[in-house]
Each structure stands twice: as C-alpha cells, then as structure tokens.
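**Q** the sequence and its predicted three-dimensional model are supplied below.
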Amino acid sequence: MKEFINWMADPIRSFPVVTLLYYLMMRYYRIVGTKKFAYISLAVLLPVVVWFCTDPNFVAIILWPDNIPINIIIVLIAWLTWYSLYRCAQNDERLEQGLTPIEATPENREKVWTWPNLVYVELMCMIGTTIFLVVWAIIFKAPLEEPANPTWAPNPAKAPWYFLGLQEMLVYFDPWMAGVVLPGLIVVGLLAVPYIDTNPKGNGYFTIAERKMAMWFFMFGWLVLWIYLIIVGTFLRGPNWTFYGPFEFWDFHKVVAEYNVNLSEFVWVKWLNMPMPHNMIVREFLGIILTAVYVVVLPPLSATTKWGKKLIGDMGKVRYYIFIFLLLGMTSLPIKMVLRWLFSLKYIIALPELELSL
Amino acid sequence: MSEETRQQLNRREFFSFITVGWVAFTAALAGLGSLAFRFTYPNVNFEPEMDFVAGFPTEYENGVDERWKNGFGVWMVKQEGKLVALSNICTHLGCVPNWLPAELKFKCPCHGSGYYMSGINFEGPAPRPLERYKISLNSDGKIVVDKTKIFRYEMGQWDHPDSYIGV
C-alpha cells in the first residue's frame, strides 16, 4: 500500500489525479459543499492521516521546522475551500428558488459602526496572532546554519515555502520564463482581472453558478497550479531535487535515469537523421512555428468558436484578447509539464547562445 | 520709492540667488546619492580570487578533482588527454551543483539539472553546458586558472587552445 502511494505521488500520476479531483469537486460542488460531506470526509481522512503519521519517513518530512507552516496552510486551505463551496452551494440554491443571496437579506444588510465592532475584532486577532507566533517560535527553533559560502549549496536547496511552487515550475522552464515572465503574468493578470471582468454578478456574495468561468479558471490556477506545486516542492522533493514519495527515505544516492531532449534535437537528429544546422533560426524552426501558432494563431482562432463569440459579445475584443493571452500563459505550465513527463522534452525553443529558451 | 524697492530683492537678484541655491541643492543630492551608491559595495570582499595557481599537471588523476571547489569554485577535470577548469555554477539559475562520483555526474540541488563529467548538460532544466575557465601553464610549468575568461560550449569555444591544456 505504501509502495503504491509512493508510486502514485509522482507528479506524472498525481497531477492528473489532482486535476480530476479538482474537476469532480467543482462539478459536484453542491454535494461537496454540504456539512454531511464535510463530516464524512473528516471521519475518513483522520484515520488516514494518523496511519500516514505512523511512518517515520513521513513524520520526518512534515515535522521539519521549515515545513510546519505548510501543514497549517494545507489544513486551512482545505477548510476555506470547503467553506466557500458550502456558501456557494447555499446561495446558488437560494438563487434558483428566486431568493436573494444570504449576504443580501435585510438582516445582513444592516450597517454597524467600525468602532467598536471591527476594531475590537482586529485587536483580538492581533493579540491572538502574536501569542501564536511567540509560542511557535519557542517550540520550533529557527535553524541556524553555517555562514554563506558562494561555492557551496545545501542539498536540497529549497526556497522559502511560499516560493516552492515557483521553484517547482523552474524545473520545467528556463529561468527567464518561470522566474520572470510567468510570475509577472500572474501578478499583472490578477491586477487586470477587475478590468477584464464585465460580469456584474457575484459582487459581495458567494456564488459559482453566476460566474462559472471565473471560478473554474481561478480555482484551477490557485489549487492545482499553485498549492499542488507547493506541496510537491515541499514534501516530495528531496536531495538533488529528485522525487521522493511521502513514505520514502531521502536517500542521497537515489538514481533516476533521465535524459531530456530539446525539440530541435527531436526534429533534426531523431526524425530527419541529420546533423544540427548551425543557424539558430533554421535549427529551431519547428519550435518557433509552434510557439507562434500558440501565441498568435490560437487567440483569433478561439474567437471564431461559439464560446469565443459569446465572450466577445459580452466583453469586447480588447478585453477578450487580453483574457485569452493570460489564459494561454497559465495553460503553458501544465502543457510544458506534461510534455516533459511524456517525451522528456527539455525546451521547445532552445537558444543557449542567447540564454533564452522556452 | 527707490529707497523702498532697494530694500527688497529685484527679479534679477532673486534669480541669481535661486540659481546658486538650486545648484547647491542638486550638488548635495548628487553627493548624497553617490555616497549611497558607494555604500552598496562592500569595503572588504571575501570572494575567492579570480585567478590562482593550481599546481603541476602531473598532480591530477583522470576524472574530477574537487580540491579547488570550495576555495575557488572550480573543478579540474582530466579526461581524454585534456585537463580543463570547469565552473561550478549551474547554467540554469546559478546554484552550485555537486559531483556525484558513483553516478559520474554533476547534479544541481536546486532544480535537478544534471551534467556529464565533461560538463555537457543532459537532464533537468539546464539550458546549456557548464562553462570552462581559461587554463594555461606558467613559466614554472604550473597550471594557472583565470576565471575572468570563460569558454562556452554552445558558442563553439571549447576548441579554443586556452580552454584546456593537453596532458
């Protein structure tokens, strides 16, 4: 059983599983978002977690001081995700019956004074957080390591926990893409959301039915492409950034046979049986064409579909193309990950001469 | 009337005063800025020297020699009659890979890039091979490694006579 879980946890298999779970969760949110479902899943999960914790390798990973916040975060995110689905399910059922959302009922629209109602709660939160952090700092000591040395790196060298999703992305991308372009797109894209979104529904109340597309895309990027990658980067990546299952001992000498190949090597060496040409553009022609199709041809093509036409009608052309561009940026991550797993593809365009790769 | 206006600044005097004041202000700001800029550079630099003498070529066995790795960030690799000075900076994001003697490869702990003994990248996200440093013999017959000059494989620079010494 433990062997099987170790085997399943490999991103090649766990990524599709997580994506499927995400789909089921969003598709059947009316069932997931009930108290009955929460109690049953808690009753099922608790013994499983206890059983997981009987394994010394698993306990060693989750009790590593750096990883404590991620344990807390996982529990919090599970709870918050369920709670928002619960509120969405409640509201959507009311909306179907022609009622207002719960947040818009007269007793919930009543206005109260900031002082003392809000400020008092904030003060209590500040005190509570301070106590929590002090107790935490006493129980789990911050690791004091040796002085910095530019010719030595710890193994595994891990980023702070909130960047481990980014570090996991960097395994599949050039540093320019995963370190600058994609994080930039995430920040700019999130800033642009209020300007792109023309749907007036869902202001100030929980709902999925009234803003399906926004919820589905955002929750996928958040839960699958960010939280899941943080979990993989934290718990499942050991020395040499090799994959280790949750019950696996972090053996420094675990050997994983891997050989990554650029698309241009596939084209010239494997398919055409020719030496690689010297000219960069000729060498990488297929990758450049594919990237151009992805970035330049796909957006207008998507605009001709029924879905695209409806969206353009709702939000206008400029908003639509910005939206599609951001969406393509997001989907480039799972595409690249799957290509790496299936074909050991390193880079679609590889221009090491210019230190630029895709 | 003239007596009263003499007490005050006229327009021309006002402008000459403000010019002096403005120039002084700008100069002070520029001085402060340059001091702040200077402050960002360390007074003492503990970084390794950029060139060093690495003993006689006969001291090296075939394979990877790690004796200069911690001091200078250089692996000496002797292979196929050539001795090269290989950089220990990963070409993906600048981490420091480890030499794994059992697997005969360099492996980066940050994102899992792997390199052969020759420095050619073959696994993980590294986009290009490790860089070579300039290596030469001085008049005593000792090896001198100069890290200010690098040779990159993808630029076809590994054939350059300064990038290796024949042994």
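**A** Arrived safely, thanks for sending. Bear in mind the structure is a predicted one, so any value in this text is a computation, not a measurement. Residues are numbered from 1 along each chain as shown, chains lettered A, B, ... in the order given.

**Q** what does chain B put close to chain A?
**A** With CB under 8 Å from any CB of the partner chain as the criterion, chain B meets chain A at residues B:47-48, B:69-73, B:88, B:91-93, B:95-96, B:98, B:100, B:102-103, B:107-112, B:114, B:122-125, B:127-128, B:154-155. Using the backbone N, CA and C atoms, a C-beta is placed for each residue, glycine as well.

**Q** and these, which of them are buried?
**A** By neighbour count, with 16 or more other CB atoms under 10 Å in any protein chain shown, the residues of chain B next to chain A hold B:48, B:69, B:72-73, B:88, B:91-93, B:95-96, B:98, B:100, B:107-112, B:114, B:122-125, B:127-128, B:154 as buried.

**Q** now, those residues that are in strands?
**A** Taking DSSP state E as the definition of strands, these contribute B:98, B:100, B:107, B:114, B:122-123.

**Q** figure out how far stretch A:156-166 is from the centre of its chain.
**A** From the chain centre to the centre of stretch A:156-166 is a distance of 13 Å (CA atoms, centre = their mean, to the nearest Å).

**Q** please apply the same query to stretch B:128-139.
**A** 14 Å.

**Q** list the helices and strands the helix or strand where residue A:85 lies packs on?
**A** Per DSSP states H and E, residue A:85 falls inside helix A:68-96. Where contact means 3 or more CB pairs under 8 Å, 6 or more residues apart in numbering or on different chains; DSSP states H and E, helix A:68-96 is packed against helix A:29-32, helix A:35-53, helix A:228-235.

**Q** in TSV: those helices, plus mean pLDDT.
**A** Output for these, formatted as TSV (pLDDT from 0 to 100):
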stretch	mean pLDDT
helix A:29-32	92
helix A:35-53	94
helix A:228-235	91
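
**Q** ok, which of those comes nearest residue A:149?
**A** Residue A:149 lies closest to helix A:228-235 among the helices and strands packed on helix A:68-96, at 23.8 Å (CB to CB).

**Q** neighbouring contacts of whatever helix or strand comes next after that closest one?
**A** Following helix A:228-235 in sequence order, the next helix or strand is helix A:263-265 (DSSP H and E). Defining contact as CB atoms under 8 Å, 6 or more residues apart in numbering or on different chains, one finds that helix A:263-265 is touched by A:276, A:283-284, A:286-287, A:290, A:345, A:347-350.

**Q** those also near chain B: which ones?
**A** Okay, of the contacts of helix A:263-265 touching chain B (CB under 8 Å from any CB), that's A:347, A:350.

**Q** any quick PyMOL command for the buried ones out of the contacts of helix A:263-265?
**A** Applying 16+ other CB under 10 Å to the contacts of helix A:263-265, the buried members can be selected in PyMOL as follows:
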select buried, chain A and resi 283+284+286+287+345+347+348+349+350
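
**Q** tell me which of the contacts of helix A:263-265 is nearest to residue B:160?
**A** residue A:276 (20.4 Å).

**Q** read off the pLDDT value for the closest one.
**A** With respect to pLDDT, residue A:276 has a value of 82.

**Q** so what's the residue count around the closest residue to it other than its chain neighbours?
**A** Excluding its sequence neighbours, the residue lying closest to residue A:276 (CB to CB, 6 or more residues apart in numbering or on different chains) is residue A:268, at 5.0 Å. Residue crowding around residue A:268 was assessed by other CB atoms under 10 Å in any protein chain shown; the count is 20.

**Q** separation between residue A:268 and residue A:109?
**A** According to CB to CB, to the nearest Å, residue A:268 and residue A:109 sit 67 Å apart.

**Q** that older thread, for the following helix or strand past the helix holding residue A:85, packing partners?
**A** Of the helices and strands lying after helix A:68-96 in sequence (DSSP H and E), the nearest is helix A:119-139. On a contact count with 3+ CB pairs under 8 Å, 6+ apart, helix A:119-139 meets no helix or strand.

**Q** now the angle between helix A:68-96 and helix A:119-139, please.
**A** Put simply, helix A:119-139 runs at 150 degrees to helix A:68-96, going by axes from the mean of the first three to the mean of the last three CA atoms, to 10 degrees.

**Q** please parse chain B into its domains.
**A** Chain B resolves into domains spanning B:2-39, B:51-166 when parsed by automatic domain parsing.

**Q** who wins for proximity to residue A:80 among these?
**A** domain B:51-166 (30.2 Å).

**Q** quick one: the closest one to chain centroid distance?
**A** For domain B:51-166, the distance to the chain centre is 15 Å (CA atoms, centre = their mean).

**Q** how far does that domain stretch from one end to the other?
**A** End-to-end span of domain B:51-166 (CA to CA, to the nearest Å): 20 Å.

**Q** do the same with stretch A:332-352
**A** End-to-end distance for stretch A:332-352, by CA to CA: 21 Å.

**Q** test my guess that residue A:59 contacts residue A:50.
**A** No. Look at residue A:59 against residue A:50 with CB atoms under 8 Å: they stay out of range, at 11.3 Å.

**Q** let me have the helices and strands packed on helix A:68-96 in CSV, extended by distance to residue B:161 and mean neighbour count.
**A** Putting the helices and strands packed on helix A:68-96 into CSV (distance: least, CB to CB, whole Å; neighbours: other CB atoms under 10 Å in any protein chain shown) gives the following:
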stretch, distance to residue B:161, mean neighbour count
helix A:29-32, 68, 18
helix A:35-53, 59, 11
helix A:228-235, 44, 22
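
**Q** among the ones you listed, which comes closest to chain B?
**A** Chain B sits nearest to helix A:228-235 of all the helices and strands packed on helix A:68-96, at 10.1 Å, using CB to the nearest CB.

**Q** show me what that closest one packs onto, helices and strands only.
**A** helix A:11-27, helix A:68-96, helix A:164-170.

**Q** how does it look with 7 Å?
**A** helix A:68-96, helix A:164-170 (3 or more CB pairs under 7 Å, 6 or more residues apart in numbering or on different chains; DSSP states H and E).

**Q** and the angle from that helix to helix A:68-96?
**A** Using the same axes, to 10 degrees: helix A:228-235 against helix A:68-96 is 160 degrees.

**Q** so what touches helix A:228-235?
**A** Helix A:228-235 is contacted by residues A:11, A:18, A:61, A:67, A:70, A:74, A:161, A:164-165, A:167-169, A:246 when judged by CB atoms under 7 Å, 6 or more residues apart in numbering or on different chains.

**Q** let's see if you can find the most crowded of these.
**A** Result: residue A:168 is most packed of those (other CB under 10 Å), 27 neighbours.

**Q** dump the residue contacts of it.
**A** A:229, A:232-233.

**Q** would you confirm that residue B:57 contacts residue B:165?
**A** Yes. When contacts are counted by CB atoms under 7 Å, residue B:57 is listed as touching residue B:165 (6.5 Å).

**Q** can you pull the residues that touch both of the two?
**A** Common neighbours of residue B:57 and residue B:165 (CB under 7 Å, 6+ apart) are B:83, B:143.

**Q** dump the helices and strands packed on helix A:68-96 into JSON lines; add distance to residue A:4 as well.
**A** Below are the helices and strands packed on helix A:68-96 laid out as JSON lines (distance: least, CB to CB, whole Å):
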{"stretch": "helix A:29-32", "distance to residue A:4": "25"}
{"stretch": "helix A:35-53", "distance to residue A:4": "13"}
{"stretch": "helix A:228-235", "distance to residue A:4": "17"}
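
**Q** who wins for proximity to residue A:354 among the ones you listed?
**A** helix A:228-235 (27.8 Å).

**Q** returning to what we had before: nearest to residue A:221, out of the domains of chain B?
**A** Residue A:221 lies closest to domain B:51-166 among the domains of chain B, at 21.5 Å (CB to CB).

**Q** report how many residues lie close to residue A:172.
**A** 25.

**Q** cool, and residue A:15?
**A** Residue A:15 has 19 neighbours, counted by other CB under 10 Å.

**Q** now it: closest residue in space that isn't a chain neighbour?
**A** Using CB to CB, 6+ apart, the closest residue to residue A:15 is residue A:337 (6.7 Å).
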